[in-house]
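> Below: sequence and its predicted model.
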Amino acid sequence: MKTIEKYMGVKQEDFQTLMPSIQAASSRMVKDYTQRTHPKLKMLDALILLSIATFIIQLVYAQVMVFSKDPFNSYLAGLFCSLGQFALSGKYLLC
C-alpha cells in the first residue's frame, strides 16, 4: 500500500474520506439521469454504448488472434461499421 501511496501521492486515509462523496455523487448522477432523461435519448445513449462496446470487442479480438492477410478486410469493415454507427448516432444527439 505504501508503494501505491508513493506513486499516486494520495494517502489511504484521504482516499477513505473521499470515497463516500464519490459514491454519493455517482448515485445522484444515475438517479438524475434515470428520472430526467427522455426515453428516446436513453435509447440513443444505449446505441452509442453498444457501438463503442462492439468496437472494443472487435479490436481486442483482433489483437488476441494472430493477424493474417485473409480476414483483414472484414476486420477493417467491422471496425469502420461500429465507428460509423457511433458517429451517426452522436450526430442525432446534437440535433
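Arrived safely. Treat the numbers as computed from the prediction; the structure is a model and nothing was measured.
> how many other residues sit next to D45?
Residues lying near D45 (other C-beta atoms under 10 Å) number 14. The way it works is simple: take the backbone N, C-alpha and C, and place the C-beta from them, glycine included.
> typed the wrong thing, it's F86
18.
> Next up, the contacts around G78.
54, 58 (C-beta atoms under 8 Å, 6 or more residues apart in numbering).
> what do you get if the cut-off is 10 Å, keeping everything else the same?
Residues near G78 by C-beta atoms under 10 Å, 6 or more residues apart in numbering: 54-55, 57-59, 61-62, 71.
> So that I can see them in PyMOL, could you write out a selection of the buried residues among those?
Buried residues among those (16 or more other C-beta atoms under 10 Å), as a PyMOL selection:
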select buried, resi 54+55+58+62
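> Among the contacts of G78, which lie within helices?
54-55, 57-59, 61-62 (DSSP state H).
> from these, which two are the most distant?
Among the ones in helices among the contacts of G78, the pair separated by the greatest distance (C-beta to C-beta) is T54 and A62, at 12.5 Å.
> what is in contact with the two at once?
Counting by C-beta under 10 Å, 6+ apart, the common neighbours of T54 and A62 are 78-79.
> Nearest spatial neighbour of T54, chain-adjacent residues omitted?
S82 (4.4 Å; C-beta to C-beta, 6 or more residues apart in numbering).
> pretty sure that neighbour is touching Y75, no?
No - using C-beta atoms under 10 Å, S82 is not in contact with Y75; the gap is 11.4 Å.
> any residues in contact with both of the two?
With C-beta under 10 Å, 6+ apart as the test, S82 and Y75 both reach 58-59.
> Which residue of the two possesses the greater neighbour count?
Using other C-beta under 10 Å, the more surrounded residue of S82 and Y75 is S82, with 20 against 17.
> tell me the secondary structure for V10?
Following DSSP: H, G, I helix; E, B strand; the rest coil, the label given to V10 is coil.
> burial of it, as a residue count?
11.
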